[in-house]
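> pasting the sequence and the predicted model now:
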Amino acid sequence: MYDGNKIIPGLVIFLGLITFPFWYNIGSAAYEKPQLKLPEIEKECVEPKDWIRAEHMQLLDDWRDLAVRDNTRLYVNQAGKSFDMSLSKTCMSSRCHANKAEFCDRCHDALAVSPYCWDCHVEPPIVEE
Amino acid sequence: MALNRRSFLKAAGLTTLAGLGGHAAMELLAPGALEAAQPAQVGAYPEALTAKRWAMLIDTEKFTSAELYQKCIDACHKTHNVPTIPGKQEVKWLWTERYAGTFPEQQHALVPEKVKHQPFLLLCNHCDDPPCVRVCPTKATFKRADGIVMMDMHRCIGCRYCMAGCPYGARSFNFRDPRPFVENIDEHYPTRMKGVVEKCTFCEDRLAKGQLPACVEVSEGALIFGDLADEDSEVRRILRERYSLRRKPSLGTNPSVFYLI
Amino acid sequence: MLEKALQGNKTYWGWIGALLVLIGIGFGCYLYQLNEGLTITGLSRDVSWGFYIAQFTILVGVAASGVMLVLPYYLHGHKPFGRLVIYGEFLAVAAVIMCLLFIVVDLGQPQRLMNVLLHPTPNSILFWDMVVLNGYLFLNIVIGWSHLHAEKKGIRPPSWVKPLIYLSIPWAISIHTVTAFLYAGLPGRHFWLTAILAARFLASAFACGPALLLLILFIVRRVSDLVIPREAIQTLSKIITYAWILNLFFLALELFTGFYSNLPGHMHSFEYLFAGHHGYDSLVPWMWNFVFLAVTSLILMVNPGTRNNQTTLIIALIMMFVAGWIDKGLGLIIGGFVPNPFEGITEYWPTIPEAFIAVGVYAAGFLILTVLYKITLEVRRANA
């Protein structure tokens, strides 16, 4: 092999770099399913829980475009119940997920995603009980 | 909620025609695959106020006090969480300007003193042929079927071409994070993030729920809002009866804001 | 061929190091801007474009000016340009990359840049500017690189490059035309709303662009074995002279239309720029410097004695480039926003971080230019 003394260390460095996430996390605790605080008043979500868990970002994205771009703000789910297409007024209303820290953030933090919805959309103030 | 099913479905159908992409429609149908009997539907509120072309009349004779101007401005800025940023990087949706600055090229020095020193209320003109919409490279600003020039703050890349394009100085850019400059944030309306452009939307969010624009509501009759395309509407009746001006008519933008003199 | 840029003397590495330091400072300032927003610039609600967009505009002109070597060589067979064409093409590459960087640093939400492609909007001139600039970048990289590659191998350039070269000629005109259309199509901005803007842009670009190229080549000649044929310098100087005359002529046409017609909207910006307006006069000294530099360089360039003298030519080219930079880089953009839509005046001046970000972008462009020129010089030295 020509230039083996350059190629082999190069390959080692390359492998080290691309496997960085694995060995960086060695020793840290395994992923645990975050414990969410579910709403106390409202028991039914806009759509079935499993679907929402996987697709809520898609739903919100559609809601956003519908409300802002198509002036369409009313959502009627399969059960025939209607909702205002609004993150802060519907999802985060006082009947539902008003507590961002104990619901939204728990999953987002555990999965290391940081959606910037709340840069603009206002997180409802926590009401002291 | 009492919902007229037919009108609702009609609205949903129209939405689809209006360009709601196959993508959105498909995703909305997706939950149906799981268990439900019928797919989810979307539509407009039945109580929504609608028009072919929204327009605003500003009755300059009724604006006799500075308090009334301020009342309208405060109502607008509070409803929409418009920040109060001092200096030349300010953000404003509704504000006042002196006569000469409001009607350049239409004004002269010999008008009555009252007019010369009277402030005029300024806002986005919701032009029929808006230059801002023409220049926007992402359709972040666009004209709705009812004439409202709308702003999609989610899509704006902050190139500020619309600000160069707008002949009326109606647009503001968020040079910085506006939140620290909003007193008493109204949680029902979003703030903006730094780096996007914003302006008056004719309170389209309120119209959708059957309410008049916030400024109109508090204006004590000095602001009149209605459908310019409807010959029998109040705005058309008043325009027939009284003399009115629009800003910079020579530019061909055809504004929807009229000043009753 | 890139490895050829990795061998050089101390001066070469010193220059590269200096550029990297400037890029680093600029990048640091950009991170600051990214964090704080464009509030760190001197921009305002009234003057919403400034230094970045002005540099962008000038550099589109520099990029387009490569055609002033390509056209005489390929369409008129002007042989003395033969070995210089590639330097024009590579200057275009560096200039277009700087243009794109200046657009990015000007954006409020740069991470959403791809929205321009996700939601293509043909009614926006900015969309077309994106198309023509990227197309021009692609053309020049392909043409320049394939020629250099062929030269290295000692073979003729592949035949498919020829159509691309012919395409690049109108394309070069298009990039600056479309850039002028960004401004010239706005109904409320009298200063820009003029049919001659694109022509004036091209004229000033075809003067200042080749002027910059000649100056750069003179520097490269000092530090390398580059040979610039005397005839090439003479032809290029004449092209520059004609273009500069046209630019000043077009400016005079603007002044005539504005001031003879006596239309207030057409006069306001000129009055602000050259005389000041109610005490707002921060650009007045700059604009009169522009007049002085423009006229002096014109005299030096028109007169064959001073045009053909290396020293006076260099002085004239520097003066002309600075004049063009003031005219397009300060007067054109700021003047377009003054007075504002309410006939009021808000002045603008770039802040220090804003200036450093701009310097950083220029440094990045010159780094690319240095590497490309270095490779070219090394390939040719190996062949010599």
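Received it, and whenever you're ready, just let me know what you need.
> tell me the contacts of B:E97?
By CB atoms under 8 Å, 6 or more residues apart in numbering or on different chains, the contact list for B:E97 reads B:119-120, B:122, C:342. Heads up, the C-betas are built off the backbone N, CA and C, glycines and all.
> mind listing the residues bridging to it?
Per DSSP bridges, the residues bridged to B:E97 are B:F120.
> from C:Y272, how far out is it?
Distance of B:E97 to C:Y272, computed by CB to CB, to the nearest Å: 19 Å.
> which residue does chain A have closest to chain C?
Distance from chain C to each residue of chain A (CB to the nearest CB) is smallest for A:Y116, at 9.7 Å.
> can you give me the neighbour number for the residue of the stretch 151-261 of chain B found nearest chain C?
Proximity of the stretch 151-261 of chain B to chain C (CB to the nearest CB) peaks at B:G158, 2.0 Å away. B:G158 has 23 neighbours, counted by other CB atoms under 10 Å in any protein chain shown.
> how near is it to C:G61?
For B:G158, the distance to C:G61 - CB to CB - is 25 Å.
> same check on A:K6?
As defined by CB to CB, A:K6 lies at a distance of 44 Å from C:G61.
> who has more neighbours out of the two?
Between A:K6 and C:G61, counting by other CB under 10 Å, C:G61 is the more crowded of the two (26 against 9).
> what helix or strand is the residue lying closest to the more buried one once chain neighbours are set aside located in?
In this structure, C:G61 finds its nearest non-sequential neighbour in C:A205, 2.9 Å apart by CB to CB, 6 or more residues apart in numbering or on different chains. Using DSSP states H and E, C:A205 sits in helix C:197-223.
> got the angle for the helix or strand where C:V322 lies vs helix C:197-223?
If you go by DSSP H and E, C:V322 is part of helix C:310-326. If you take axes from the mean of the first three to the mean of the last three CA atoms, to 10 degrees, helix C:310-326 sits at 140 degrees to helix C:197-223.
> what's helix C:310-326 packed up against?
If contacts are counted by 3 or more CB pairs under 8 Å, 6 or more residues apart in numbering or on different chains; DSSP states H and E, helix C:310-326 sits against helix C:51-64, helix C:197-223, helix C:230-261, helix C:284-302, helix C:304-307.
> so which elements touch the fourth one?
In this structure, helix C:284-302 makes packing contacts with helix C:230-261, helix C:264-275, helix C:304-307, helix C:310-326, judged by 3+ CB pairs under 8 Å, 6+ apart.
> relative to B:W93, how far out is the nearest residue to the residue of chain A closest to chain C once chain neighbours are set aside?
Leaving aside its chain neighbours, A:Y116 sits nearest to B:M193 (7.1 Å; criterion: CB to CB, 6+ apart). Distance of B:M193 to B:W93, given as CB to CB: 17 Å.
> hey, where'd the strands end up in chain A?
A:74-76, A:82-84 (DSSP state E).
> ok, which of the ones you listed comes nearest chain B?
Of all those, strand A:74-76 sits nearest to chain B, with 4.4 Å by CB to the nearest CB.
> I'd like to know how far the closest residue to C:Q7 other than its chain neighbours sits from C:R200.
Distance criterion CB to CB, 6+ apart; nearest residue to C:Q7, sequence neighbours excluded, is C:E378 at 7.3 Å. From C:E378 across to C:R200, the span is 39 Å (CB to CB).
> the residue nearest to B:W54 when sequence neighbours are not counted: neighbour count?
With CB to CB, 6+ apart as the measure, B:G147 is the residue that lies nearest to B:W54, at 5.1 Å, once sequence neighbours are left out. Using other CB under 10 Å, B:G147 has 21 other residues around it.
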